[in-house]
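>>> the sequence and its predicted three-dimensional model are supplied below.
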Amino acid sequence: MNYLLTQRESEIEEMLNESNGEITPEIEAKISELDESKTAICIRLANILDENSMNQIALKNKIEKLNKMLKICKQAEINTRQRIIDFMNEVGQKKIGNDAVKLTVVTTKNNRLIVDDSLAIPKEYKHHTVVISDKDYEALGFYGVTAEKHTFSIDKNGLKQFLKENDEIGDVGAHLEDSVSLRIK
């Protein structure tokens, strides 16, 4: 399509050279055709843009639907693994298997950190950023500065290690529980 436009533009330029720069009725007709072609191209490109936008919306909707399905599948996997662990515990077996599959329930002592009260956790295991809004910054005289995000996090690995090393401590807002997992081979 661009080739046709370039060819038409070249024809007009050649006609102008032949007429010594005078715009003849034939040249006016060619210019009119060229303008109509460019208008048609613009309309066609606008339609392509519109179709592209519709495709983007459709793809975003499909991605949302697939993400929901993925979440459901992940939860089904968690539930199924837990059901297998429960069945194996009911029959008192830690290993079950045949030629095709081997299932093993693995218990790791004091491996999972459970936070009971985040306020009671010792400060050396907390990381905290104070929230201040744009409006508060302006009230303090700091203009053009963006607000910080509020974050509160716990050094779980450090706290877990502290709890493992100190069995006889008081309430620190968290405790350790045994972790049970299922290995499938």
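In hand now; what should we look at?
>>> every contact and neighbour count from this point should use C-alpha atoms.
OK.
>>> buried ones in the strand or helix carrying Thr104, by neighbour count?
Following DSSP states H and E, one finds Thr104 within strand 102-115. Neighbour-count burial for strand 102-115 flags Leu103, Thr104, Val105, Asn111, Leu113, Val115 (criterion: 16 or more other CA atoms under 10 Å).
>>> ok, so what distance separates Cys42 from Glu33?
Relative to Glu33, Cys42 is positioned 14 Å away (CA to CA, to the nearest Å).
>>> and Glu11, what element?
Element membership for Glu11 (DSSP H and E) is helix 2-18.
>>> and that helix, what does it pack onto?
Helices and strands touching helix 2-18, by 3 or more CA pairs under 8 Å, 6 or more residues apart in numbering; DSSP states H and E, are helix 25-90.
>>> what is the mean pLDDT for the helix it packs on?
Averaging pLDDT along helix 25-90 yields 90.
>>> over to stretch 110-122?
On average, stretch 110-122 scores 85.
>>> determine how far it lies from the middle of the whole chain.
In this view, stretch 110-122 has its centroid 29 Å away from the chain centroid, taken as CA atoms, centre = their mean, to the nearest Å.
>>> what does stretch 88-105 give?
The answer for stretch 88-105 is 37 Å, by CA atoms, centre = their mean.
>>> pull the residues that contact that stretch.
With contacts defined as CA atoms under 8 Å, 6 or more residues apart in numbering, stretch 88-105 is touched by Ile85, Val106, Val180, Ser181, Leu182, Arg183, Ile184, Lys185.
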